[in-house]
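Colleague: The following comprises the amino acid sequence and a computationally predicted model.
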Amino acid sequence: MAKYDNVIVLKSKAFALRIIKLYQYLIDKKREYVLAKQILRSGTSIGANIREAIRGQSKPDFYAKLNISLKEAGETEYWLELLHESGYLNKTQFTSIYNDCQEIICILVSITKTQIK
């Protein structure tokens, strides 16, 4: 379990749980299905790819999976912006989860910068 006891693993899992709750909110309260499904897919994929990276077969595999996580985080950021700008999320709801997404992106950028080219 020690492998999964680091900052990015814990933050990405907590973020995925928030995304699941956001999905439920969008479906139940806002009756929004298309964007909800998109954000559920990309937002939960971040942590899944980080987990895969930890079990990577090599350093290049590790960094490849982390880069996929970073791309998924960027996509999630986009869906959050759309949900806010279209009125599905108010400013408070948006800011809270968007800041979490930004934090994950910053951590992933920091980790992937150490990648040997």
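Modeller: Happy to help now that I have it.

Colleague: The host helix or strand of residue 62 - what's its average pLDDT?
Modeller: Under the criterion of DSSP states H and E, residue 62 resides in helix 59-85. If you average the pLDDT over helix 59-85, you get 97.

Colleague: buried residues in it?
Modeller: Buried residues in helix 59-85, counted by 16 or more other C-beta atoms under 10 Å: 62-70, 72-73, 75-77, 79-80, 83-84. Every residue, glycine included, has its C-beta placed from N, CA and C.

Colleague: With stretch 27-40 instead?
Modeller: 32, 35, 36, 38, 39, 40.

Colleague: Nearest to residue 94 among those residues?
Modeller: Nearest to residue 94 among these, counting by C-beta to C-beta, is residue 39 at 11.9 Å.

Colleague: what about the closest one, distance to residue 20?
Modeller: Look at residue 39 and residue 20: by C-beta to C-beta, to the nearest Å, they are 10 Å apart.

Colleague: now swap in residue 88 and tell me
Modeller: 16 Å.

Colleague: Of those two, which one has the most company?
Modeller: The neighbour count for residue 88 versus residue 20, taken as other C-beta atoms under 10 Å, is higher for residue 88 (20 against 13).

Colleague: dump the residue contacts of the more buried one.
Modeller: Applying C-beta atoms under 8 Å, 6 or more residues apart in numbering to residue 88 gives the contacts 26, 30, 32, 35.
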